[in-house]
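Visitor: Predicted model and sequence follow; I will ask about them next.
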Amino acid sequence: MTHFTANTRLARCVMVLGTTSGAGKSWLTTALCRYYSNLGLKVAPFKAQNMSNNARVVAAPTLATACAALPPEGAHPALGRPGGGVAGIEGAWGEIGSAQYFQALAARAVPEVRMNPLLLKPEADTRSQVVLLGQVSAELTALPWRGRSQLVWPQIAAALDALRAEYDVVVIEGAGSPAETNLHASDIVNMRVARHAGARCLLVTDIDRGGAFAHLYGTWALLPEDERALIHGFVLNKFRGDASLLAPAPQHLQERTGVPTVATIPMQWHHGLPEEDGVFDDRSTTPGAVHTTVAVVAYPRISNLDEFQPLKNVPGLRLQWVRSPADVAGLRPTDWIVLPGSKATAADLAWLRAQGLDQSIAAHAGQGGTVLGVCGGLQMLGEALIDPEGIDGNGPGLGLLPLVTVFEPAKTVQRTSAAFGQLTGAWAPLSGVAACGYEIHHGQTAQHPAMAAKGDVAREVMPGIAWQNPAGNVLGVYLHGLFEDAAVLQALFGAQAPTLDTVFDGLADGVARHFDPGVLDALIA
């Protein structure tokens with residue numbers, strides 16, 4: 001492995017493009033971030049625009065400079081404390097896509113908003129909330145896409161230029177396919193970024209889907225000639241079988257395009273990173289006898305589902321996605337039902353009722369079964385959703401916690417560190433445990449005043465953040481990322497999942513093995 005010395009030039013940019021969504025751009029970008037960091041280089045990830053409801057709270061511009069002075073290994077989870085500050089540093093927080101957050105950690109960099117300057121958070125099939133440099137923009141949200149792209153490009157270019165001035169290597173992730181000809185004129189995330197950065201690009205395809213060589217050739221052929229010149233290598237991802245059987249296709253492809261196939265990466269079922277979008281499998285069981293099933297309700301606008309990834313690696317735990325009452329019919333009281341975050345709480349609650357899951361959840365709780373609500377899920381567990389400003393929607397809650405949530409225009413976005421108070425029942429092991437995580441929510445939740453007046457109150461086990469029912473089996477929390485906290489996993493399950501550093505190093509070792517010798521180093525030479 002070559003070791004490079006940092007210098008004062010603008011960072012060399014390596015870009016990962018894909019023939020389709022789901023080709024493997026995010027994980028390959030993450031792997032390259034750790035690979036180049038392992039060479040002793042200062043590395044940052046970048047994705048101009050991400051569309052995802054999986055978001056993380058990171059340093060906004062007012063915090064980025066101060067956070068950069070912190071040692072990278074201490075930047076997570078030590079960034080947070082109650083009130084949203086960094087120990088001794090006051091400032092704003094912002095949102096970026098979870099993929100860029102993990103890529104920053106893989107790069108040993110402090111995650112910050114310039115790494116994903118534009119985040120689109122889908123609220124409906126035809127509407128997304130626009131987050132620019134970490135902050136929600138109502139003005140941009142109201143604009144049509146083609147009118148929006150030219151307005152945001154200067155901020156995107158400035159963010160990339162600033163990262164290039166501060167780092168040795170920037171690993172850039174594209175979005176979807178760069179060859180969508182209907183989007184090319186308004187592109188701000190693929191080839192426009194590649195041209196601006198002079199990036200050396202890899203084009204990755206999912207060979208498991210079939211048609212990989214046609215995907216690669218078609219994508220290359222649809223690009224203008226000057227953009228084709230930026231493609232330095234093709235990558236076959238998710239390969240199963242004997243790689244020698246691929247010949248002579250890679251050679252034929254190179255003869256037609258001039259671009260070599262530089263890596264054939266085998267299928268990796270358990271690479272350890274969460275999928276960026278969507279529920280990607282129905283059931284996940286770790287080795288050993290199953291002692292607990294965690295059934296996560298997969299409603300249409302589920303958000304931050306990546307925070308459950310560590311549960312896939314806890315011995316004896318089965319993670320199951322739930323869409324109908326049949327999916328929870330066999331649960332025991334010791335099993336969990338989890339209501340995760342939602343980008344559209346009222347709409348997802350209506351969907352949940354339409355499926356009949358409200359009755360299933362109530363029955364499970366009524367039998368003493370364990371129930372957890374996270375953020376939007378916490379709001380659903382209460383008595384009512386009240387929306388005077390038209391933020392999310394009104395509606396009755398599930399009535400499992402005597403709480404009421406009011407949606408407000410101001411959005412809470414902060415990292416938080418706090419300790420649980422005394423809990424009872426299934427959640428008693430969390431008593432006194434200090435947990436680090438993050439909050440992203442418009443709703444503000446409090447005791448239901450009429451019920452409280454009659455003595456029916458929820459036990460506030462983390463001030464303003466977590467509440468438990470008197471019976472001890474239902475817990476609602478605003479804190480995302482609980483299961484990424486080693487202390488929480490140890491308390492609840494007496495076990496630990498593999499650390500992120502273990503995952504990142506495994507990814508880096510994998511690309512080092514499966515890329516042709518010298519290719520990755522040549523990309524930054």
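Guide: Nice, I can see it.
Visitor: Going by C-alpha atoms from here, please, whenever you check contacts or count neighbours.
Guide: Fine.
Visitor: Verify the contact between Gly176 and Ser21 for me.
Guide: Yes - with contact defined as CA atoms under 8 Å, Gly176 and Ser21 form a contacting pair (4.4 Å).
Visitor: Between these two, which is the more surrounded one?
Guide: Between Gly176 and Ser21, Gly176 has the larger neighbour count (other CA atoms under 10 Å), namely 18 against 15.
Visitor: mind listing the strands for the stretch 1-150 of the chain?
Guide: Using DSSP state E, counting those that start in this stretch, the strands of the stretch 1-150 of the chain run over residues 12-18, 43-46, 49-51, 55-59, 93-97, 118-124, 127-132, 135-136.
Visitor: Please produce CSV containing those strands, extended by mean pLDDT and mean neighbour count.
Guide: Formatted as CSV, those follow (pLDDT from 0 to 100; neighbours: other CA atoms under 10 Å):
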stretch, mean pLDDT, mean neighbour count
strand 12-18, 98, 27
strand 43-46, 98, 32
strand 49-51, 94, 23
strand 55-59, 90, 28
strand 93-97, 93, 29
strand 118-124, 88, 21
strand 127-132, 88, 20
strand 135-136, 90, 20
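Visitor: Ala435: which of these is closest?
Guide: Among these, the nearest to Ala435 by CA to CA is strand 55-59 (15.4 Å).
Visitor: who touches that closest one?
Guide: Applying CA atoms under 8 Å, 6 or more residues apart in numbering, the set of residues contacting strand 55-59 from outside is 67, 92-98, 101, 111-113, 303-304, 413-415, 438-440.
Visitor: Pull out the buried residues from those residues.
Guide: The neighbour-count criterion (16 or more other CA atoms under 10 Å) marks 67, 92-98, 101, 111-113, 303-304, 413-415, 438-440 among the contacts of strand 55-59 as buried.
Visitor: Pass me the low-pLDDT residue ranges in this protein, would you?
Guide: Flagging of the chain using pLDDT under 70 yields the residue ranges 1-8, 61-91, 125, 269-272, 274-288.
Visitor: what about Glu389, how many neighbours?
Guide: For Glu389, the neighbour count with other CA under 10 Å is 11.
Visitor: any idea how far Phe493 is from it?
Guide: 41 Å (CA to CA, to the nearest Å).
Visitor: Could you check how far the residue lying closest to Phe102 once chain neighbours are set aside is from Phe239?
Guide: By the measure of CA to CA, 6 or more residues apart in numbering, the closest residue to Phe102 outside its immediate chain neighbours is Thr30, 7.1 Å from it. Going from Thr30 to Phe239 by CA to CA gives 19 Å.
Visitor: The two: which has the busier surroundings?
Guide: Thr30 (27 against 16).
Visitor: so that one makes contact with Phe504?
Guide: Yes - judged on CA under 8 Å, Thr30 makes contact with Phe504 at a distance of 7.4 Å.
Visitor: any chance you could map the strands in the stretch 251-400 of the chain?
Guide: 261-266, 283-285, 292-297, 302-303, 317-322, 336-339, 341-342, 370-374, 384-386, 395-396.
Visitor: Ser244: how many residues sit nearby?
Guide: If we define neighbours as other CA under 10 Å, then Ser244 has 7 of them.
Visitor: Excluding sequence neighbours, find me the nearest residue to the most centrally placed residue in the chain.
Guide: With distances taken as CA atoms, centre = their mean, Ser98 lies nearest the centre of the chain, 2.7 Å away. With sequence-adjacent residues excluded and distances taken as CA to CA, 6+ apart, Ser98 is closest to Ala55, at 4.8 Å.
Visitor: Distance check, the one you found against Gly97.
Guide: On the measure of CA to CA, Ala55 and Gly97 end up 4 Å apart.
Visitor: One more: Leu120?
Guide: Leu120 is 9 Å from Gly97, by CA to CA.
Visitor: any shared contact partners between those two?
Guide: With CA under 8 Å, 6+ apart as the test, Leu120 and Gly97 both reach 50-53.
Visitor: okay if I get the strands of the stretch 1-150 of the chain as a markdown table plus distance to Ala263?
Guide: Formatted as a markdown table, the strands of the stretch 1-150 of the chain follow (distance: least, CA to CA, whole Å):
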| stretch | distance to Ala263 |
| --- | --- |
| strand 12-18 | 13 |
| strand 43-46 | 21 |
| strand 49-51 | 26 |
| strand 55-59 | 30 |
| strand 93-97 | 27 |
| strand 118-124 | 30 |
| strand 127-132 | 35 |
| strand 135-136 | 38 |
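Visitor: which one of those strands lies closest to Asp208?
Guide: When the strands of the stretch 1-150 of the chain are compared (using CA to CA), the closest one is strand 12-18, at 14.1 Å.
Visitor: which helices and strands sit right next to that closest one?
Guide: Other helices and strands packing on strand 12-18, by 3 or more CA pairs under 8 Å, 6 or more residues apart in numbering; DSSP states H and E, are helix 25-37, strand 169-173, strand 200-206.
Visitor: Return the most buried member of these.
Guide: Comparing the helices and strands packed on strand 12-18 by mean neighbour count (mean count of other CA atoms under 10 Å), strand 169-173 ranks first with a mean of 30.
Visitor: which neighbours does it have in its sheet, and in what orientation?
Guide: Using DSSP bridges, the strands paired with strand 169-173 in its sheet are strand 12-18 (parallel), strand 43-46 (parallel).
Visitor: any idea how far it is from the chain center?
Guide: 18 Å (CA atoms, centre = their mean, to the nearest Å).
Visitor: between it and helix 25-37, how big is the angle?
Guide: Orientation check (axes from the mean of the first three to the mean of the last three CA atoms, to 10 degrees): strand 169-173 against helix 25-37 gives 170 degrees.
Visitor: Determine the number of other residues adjacent to Pro498.
Guide: Pro498 has 13 nearby residues by other CA under 10 Å.
Visitor: I'd like to know how far the residue nearest to it when sequence neighbours are not counted sits from Arg209.
Guide: Using CA to CA, 6+ apart and skipping the chain neighbours, the partner closest in space to Pro498 is Asn313 (7.3 Å). Noted for Asn313: a distance of 27 Å to Arg209, by CA to CA.
Visitor: got it, and Ala362?
Guide: 41 Å.
Visitor: Quick check: chain neighbours aside, which residue is closest to His215?
Guide: Leaving out its chain neighbours, His215 is closest to Thr19 (CA to CA, 6+ apart), at 6.0 Å.
Visitor: Any idea how many residues pack against the one you found?
Guide: Thr19 - counted by other CA under 10 Å - has 26 other residues nearby.
Visitor: can you check Leu381 too?
Guide: Using other CA under 10 Å, Leu381 is surrounded by 32 other residues.
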